[in-house]
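Visitor: When you get a sec, could you give me coordinates for this:
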Amino acid sequence: MDTHQLIDGWTAEVASDTTRPRVFNHNLQLRASSFKGFELVNTVAMDAPDGAAETVYLFAPRAMNKGEPERLLRVGLGTRDDTRGALLALGQVLDNCMNPDIPRLSRKKGVLGQLVDIGFALPGADQAGRSTGKGLAAATFTVGNTVVTLQSVGATVLDVAPAATQLGQWLAHAPDAKARQGGQATAFEPRNVRLQAGQTLTLVERLPEPGPGAARIQVLAHGGELRREGAALVFVADTSGTQDVALFSHAAPGF
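Guide: Numbers count the residues shown, from 1 in each chain. You can find the predicted model right below:
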């Protein structure tokens, strides 16, 4: 794989899509009840580059019949300084996976493809390894500066598509009015700012230290790039004019 050429192509593809906002998420935390019908079995913090974070969660279905083969859902959440860093991490995942021919997600088919920047998914298979065309056995994708991996890792395959779609919506969508009115999320002003092309706007001077008690910071912006610079979160305008930049703080403990 020509990694640099691949990442350059993905980065340009994401930057050219003006229909979807650029997204940045900080301090992502899953909890025991994140996925309906599943319970959290284990959480492991993984080694990650400086300024990055990587956590793996293992979930099991709540309702398991006695003697039924084990079914497990592995979810990896990683954050990087910017979108390009997440795309580089995605490329590394594909380089290291046992099946390098995982097909690309289509934005024209299915909800998940419409939520993510760049994504790949492995269809479910029967016991003989033949594709069933139903559900997903694995999915890997980016949303802004976040790279997500979901895998069915138990004795029998479970469909990871519902969990993947739920995660994509959580990362890419602004909190609804109910969450804001109930105090689970706070929106910050100003929403629309006038900037010159190349001008940098500091959104958060010091991002909170990651941890289960800290809030999740989420930004959705049009017309520029979101990235972390040291402890700060900044927005760099692509063009001159009024830019739509929405900053939210989500109360712990997360999704």
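Visitor: Can you check the pLDDT for the spatially closest residue to residue 191 that is not a sequence neighbour?
Guide: Residue nearest to residue 191 in three dimensions, not counting chain neighbours: residue 246, with 6.0 Å by Cβ to Cβ, 6 or more residues apart in numbering. In this view, the C-beta of every residue, glycine as well, is placed from N, C-alpha and C. With respect to pLDDT, residue 246 scores 94.
Visitor: Report the buried residues of the helix or strand hosting residue 246.
Guide: Per DSSP states H and E: residue 246 is located in strand 241-250. By 16 or more other Cβ atoms under 10 Å, the buried positions in strand 241-250 come out as 243, 245, 246, 247, 248, 249, 250.
Visitor: chain center to the one helix or strand residue 162 maps to: distance?
Guide: Element membership of residue 162, judged by DSSP H and E, is helix 161-172. Relative to its chain's centre, helix 161-172 lies at 8 Å (Cα atoms, centre = their mean, to the nearest Å).
Visitor: packing partners for that helix?
Guide: strand 22-26, strand 73-79, helix 111-115, strand 131-143, strand 146-152 (3 or more Cβ pairs under 8 Å, 6 or more residues apart in numbering; DSSP states H and E).
Visitor: if you set the cut-off to 6 Å instead, what comes out?
Guide: Applying 3 or more Cβ pairs under 6 Å, 6 or more residues apart in numbering; DSSP states H and E, one finds that helix 161-172 contacts helix 111-115, strand 131-143, strand 146-152.
Visitor: Report all helices and strands that the last one contacts.
Guide: Spelled out, that is strand 146-152. Strand 146-152 packs on strand 73-79, helix 83-96, strand 131-143, helix 161-172, going by 3+ Cβ pairs under 6 Å, 6+ apart.
Visitor: Can I get those in TSV including mean pLDDT and mean neighbour count?
Guide: TSV is the format used below for the helices and strands packed on strand 146-152 (pLDDT from 0 to 100; neighbours: other Cβ atoms under 10 Å):
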stretch	mean pLDDT	mean neighbour count
strand 73-79	96	22
helix 83-96	92	20
strand 131-143	83	20
helix 161-172	95	21
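Visitor: would you turn the ones you listed into CSV with distance to residue 186?
Guide: Output for the helices and strands packed on strand 146-152, formatted as CSV (distance: least, Cβ to Cβ, whole Å):
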stretch, distance to residue 186
strand 73-79, 20
helix 83-96, 24
strand 131-143, 21
helix 161-172, 17
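Visitor: Residue 26 is in contact with residue 208, isn't it?
Guide: No: if you go by Cβ atoms under 6 Å, residue 26 and residue 208 don't touch, sitting 7.7 Å apart.
Visitor: When the two are compared, which one has more neighbours?
Guide: residue 26 (21 against 16; other Cβ atoms under 10 Å).
Visitor: can you tell me which residues contact that one?
Guide: 207, 217 (Cβ atoms under 6 Å, 6 or more residues apart in numbering).
Visitor: any idea how far it is from residue 101?
Guide: 33 Å (Cβ to Cβ, to the nearest Å).
Visitor: ditto for residue 62
Guide: 34 Å.
Visitor: okay, the two: which has more neighbours?
Guide: Neighbour count, other Cβ under 10 Å: between residue 62 and residue 101, residue 62 has more, with 11 against 8.
Visitor: tell me the contacts of the more buried one?
Guide: 37, 39.
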